[in-house]
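Undergrad: model the following, please.
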Amino acid sequence: MDIKDLKPRKGAGCLRIGDSDDLVLMDHFNGLPAGKLKPLDHGIVVICTAGVAQFVYGGQTFQLTKNELFLFMAYSVLEDFMSSADFDCRAVWFSRGETWNMNMFAKSSLSDLQLLQQHPKASLFDVDAKLFDNYYQQLSHHMRHHTQPLYPDIVHSILGTLLLEVLSVLRRAAENTQTAAKHQESSGLHGKQLADRFVELVEKSDGRIRRVDEFAQMLNVTPKYLSKLIMTTLNRKPSTLINFFTLKAIENRLRFTDMTMQQIADDLNFPNASFFGKYFKEHSGSTPMEFRQKYHQKKRINTNNDNNNTRN
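TA: Take a look at the predicted model:
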């Protein structure tokens, strides 16, 4: 589909300086034609006053609701515009020539232009909304009373201040977004480090600590936070990891030592041998003695097979 040039309309609800399209105010800018649209040599400051609109801008989908500001830059492509029946907004159209006349580019930089392309939308606080309403009313007043002395200079001065305010709120919104992203990244890194530290502590405990709240205390977090963190980062319950390393510690003692069941229970801080036996059977399916006997039986069979192979 061809890209259509988007131009400011004429007629009721629009204010201009003479017949020029360099600066146009629209009090009710409540809809756009279908298709792909491109502002022709204009930037457009839009402030939603009612309803909601949705559109694709620069390949990204945006929604615009009351007291949200959006800056459409010249030669950017806008498409798939949809809006609610009550959608309405104010728009200030300004040509690139106007920004050059006001020396706007001396107030911004290439990084600002990139920022405006990546972050064209900002939510306005009440004080912001009142401030932009005041600028709009001043522009409207002076553009209607165009016979007063220095009228074009006054209009350009107000417009220049308005555009600097637009740049300011968009910078603020972008900085807030970047700060939130950095915080999320930092939180994610901290979470991974905490999860790694938890696994390290569980492994080092060698089966002697089996309570989530004890590990949480060692890490200076709440048990609830630790449980949620481990589930999020490792997709495991903390208790699952604790049981895994505890069974590993028990099996090592059953395989490679002659410790009695009571000695293992004491070494691993179980209340008694009976409790120790029940714990091991619940999580492994066999009693500690059955596991030890099965291991040694398998070991004897492997040894005999090795001896037979050596003779042959």
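
Undergrad: could you pull out the helices for this structure?
TA: Taking DSSP state H as the criterion, the chain carries its helices at 96-101, 110-118, 126-144, 151-205, 212-219, 223-234, 238-256, 261-267, 273-284, 288-311.

Undergrad: mean confidence for the fifth one?
TA: Confidence over helix 212-219 (mean pLDDT, whole number) is 92.

Undergrad: buried residues, it. List them.
TA: Neighbour counts over helix 212-219 (16 or more other C-beta atoms under 10 Å) mark Val212, Phe215, Ala216, Leu219 as buried. Every C-beta, even on glycine, is put in place using the N, C-alpha and C of the backbone.

Undergrad: let me know the closest of the residues you listed to Asp128.
TA: The closest of these to Asp128 turns out to be Leu219 (C-beta to C-beta; 42.2 Å).

Undergrad: so that closest one makes contact with Leu201?
TA: Yes. Proximity of Leu219 to Leu201 meets the contact threshold set by C-beta atoms under 8 Å, at 7.5 Å.

Undergrad: can you give me the domain boundaries for the protein?
TA: 3-181, 206-311 (automatic domain parsing).

Undergrad: format the ones you listed as a markdown table; extra columns: distance to His190.
TA: Formatted as a markdown table, the domains of the chain follow (distance: least, C-beta to C-beta, whole Å):
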| stretch | distance to His190 |
| --- | --- |
| domain 3-181 | 15 |
| domain 206-311 | 9 |
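
Undergrad: out of those domains, which gets the lowest mean score?
TA: Across those, the stretch with the lowest average pLDDT is domain 3-181; it has a mean of 83.

Undergrad: residues in contact with stretch 262-270?
TA: 206-209, 246, 249-250, 253-254, 259, 271-273, 275-276, 279, 288 (C-beta atoms under 8 Å, 6 or more residues apart in numbering).

Undergrad: out of those residues, which are buried?
TA: Asp206, Gly207, Ile209, Thr246, Ala249, Ile250, Arg253, Leu254, Ala273, Phe276, Tyr279, Pro288.

Undergrad: now, among those residues, which is nearest to Thr161?
TA: Ile209 (64.4 Å).

Undergrad: Gly207 touches Lys248, doesn't it?
TA: Yes. Taking contacts as C-beta under 8 Å, Gly207 lies within contact range of Lys248: 7.4 Å.

Undergrad: return every residue with contacts to both of these two.
TA: Joint contacts of Gly207 and Lys248 (C-beta under 8 Å, 6+ apart) do not exist.

Undergrad: nearest to Arg197, out of the domains of the chain?
TA: Closest to Arg197 of the domains of the chain is domain 206-311 (C-beta to C-beta; 6.3 Å).

Undergrad: chain center to that closest one, what's the gap?
TA: Domain 206-311 has its C-alpha centroid displaced from the chain centroid by 40 Å (C-alpha atoms, centre = their mean, to the nearest Å).

Undergrad: now stretch 23-36
TA: Distance, centroid of stretch 23-36 to centroid of chain: 31 Å (C-alpha atoms, centre = their mean).

Undergrad: list the buried ones in that stretch?
TA: Applying 16+ other C-beta under 10 Å to stretch 23-36 flags Leu23, Val24, Leu25, Met26, Phe29, Asn30 as buried.

Undergrad: any idea which of those is closest to Glu175?
TA: Closest approach to Glu175 among the buried residues of stretch 23-36 (C-beta to C-beta): Phe29, at 27.9 Å.

Undergrad: residues contacting that closest one?
TA: Val46, Asp88, Cys89, Arg90, Ala91.

Undergrad: one more pass at 7 Å, please.
TA: Going by C-beta atoms under 7 Å, 6 or more residues apart in numbering, Phe29 touches Val46, Cys89, Arg90, Ala91.

Undergrad: ditto for Asp21
TA: Pro8, Ser95.

Undergrad: go again using 6 Å as the cut-off
TA: Pro8 (C-beta atoms under 6 Å, 6 or more residues apart in numbering).

Undergrad: check the gap between it and Leu71 for me.
TA: Distance of Asp21 to Leu71, given as C-beta to C-beta, to the nearest Å: 18 Å.

Undergrad: cool, and Phe94?
TA: 11 Å.

Undergrad: number of residues surrounding Leu268?
TA: 19 (other C-beta atoms under 10 Å).

Undergrad: related to what we said a few turns ago, pipe the contacts of Phe29 into JSON lines and attach distance to Leu40 and neighbour count per row.
TA: Formatted as JSON lines, the contacts of Phe29 follow (distance: C-beta to C-beta, whole Å; neighbours: other C-beta atoms under 10 Å):
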{"residue": "Val46", "distance to Leu40": "16", "neighbour count": "21"}
{"residue": "Cys89", "distance to Leu40": "20", "neighbour count": "24"}
{"residue": "Arg90", "distance to Leu40": "20", "neighbour count": "19"}
{"residue": "Ala91", "distance to Leu40": "15", "neighbour count": "21"}
